[in-house]
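J.: got a predicted model here, sequence first, then my questions.
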Amino acid sequence: MTNVGGSAAEPAAAYPVQQTPPVAAPEVMTAGPNAAPAGAVAGYPGAYYVPAEPDRFTRFFTRLYTRSPRWAAPVAALACMGVGVGYTLLTDPTHSTADAIPTCLLKMTTGLDCPGCGGTRAMWFLLHGDVGAAARHHILFVFVLPFLLYLYVAWAVQHMFRWRLPQLRISTTTIGVVLAAWFVFTVLRNLPWAPFTWLYV
């Protein structure tokens with residue numbers, strides 16, 4: 001290629017580009033006579049990090065957490081479970097109508113069972129000692145419930161009394177397997193053929 005004057009253009013490689021070596025940011029001294037003040041940002045002299053002031057809502061729950069006794073969290077969790085059990089016993093979901101409140105929007109609009117459909121009824125039957133009927137309404141809930149109860153007991157005992165029960169090791173693989181089984185169960189229970197119709201609630 002030639003330029004306007006007719007002379008050949010020099011290749012770009014003939015003019016090497018000078019590269020400036022990167023300069024590492026200086027470290028912030030945290031000890032000694034030359035120590036920087038707290039919050040100093042490395043590489044930016046005179047710049048300081050100022051943490052945000054927590055709002056009133058955050059301060060309230062922080063104080064509540066730091067001042068609460070050790071037994072408060074397990075008792076609060078137990079109270080929540082007690083409310084759920086009491087609601088189940090009082091409402092008797094086995095005799096409620098399809099449009100009773102609360103209802104499953106997926107079931108009401110499509111007629112399909114959602115992943116949680118039948119769980120409240122399964123709990124009601126378990127509370128009355130009928131494991132077979134509970135499994136009929138939600139077999140996965142019946143299978144998982146003992147593990148969830150043990151996790152709560154082990155956590156509550158350690159939190160309140162510092163007793164360490166054998167811990168259940170729940171890996172990401174275990175969680176993935178349970179979620180996959182739950183998905184397969186949800187699909188199978190909506191198939192309109194025997195024996196899958198036994199799972200339809």
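T.: Received, thanks.

J.: quick check: buried residues in stretch 104-119?
T.: Neighbour counts over stretch 104-119 (16 or more other Cβ atoms under 10 Å) mark Cys104, Lys107, Asp113, Pro115, Gly116, Cys117, Gly118, Gly119 as buried. In this view, the C-beta of every residue, glycine as well, is placed from N, C-alpha and C.

J.: shouldn't the third one be in contact with Arg189?
T.: Looking back up the chat, that one is Asp113. Yes. If you go by Cβ atoms under 8 Å, Asp113 and Arg189 touch, sitting 5.3 Å apart.

J.: for this structure, which helix is longest?
T.: Assignment by DSSP state H gives helix 131-161 as the longest helix of the chain.

J.: that helix - what's its average pLDDT?
T.: The pLDDT scores in helix 131-161 average 92.

J.: which helices and strands does it pack with?
T.: Contact here means 3 or more Cβ pairs under 8 Å, 6 or more residues apart in numbering; DSSP states H and E; on that basis helix 131-161 packs against helix 72-91, helix 119-127, helix 172-188.

J.: of the ones you listed, which stretch is the most buried?
T.: Of all the helices and strands packed on helix 131-161, helix 119-127 has the most neighbours on average by mean count of other Cβ atoms under 10 Å, namely a mean of 21.

J.: quick one: low-confidence parts of the protein?
T.: For the chain, the stretches with pLDDT under 70 are 1-50, 97-100, 102.

J.: any idea how far the residue nearest the centre of it is from Gly82?
T.: The centre of the chain sits closest to Ile175, judged by Cα atoms, centre = their mean, with a distance of 11.3 Å. Ile175 is 27 Å from Gly82, where distance means Cβ to Cβ, to the nearest Å.

J.: ok, now Val142?
T.: For Val142, the distance to Gly82 equals 20 Å [Cβ to Cβ].

J.: got it, and Phe57?
T.: 27 Å.
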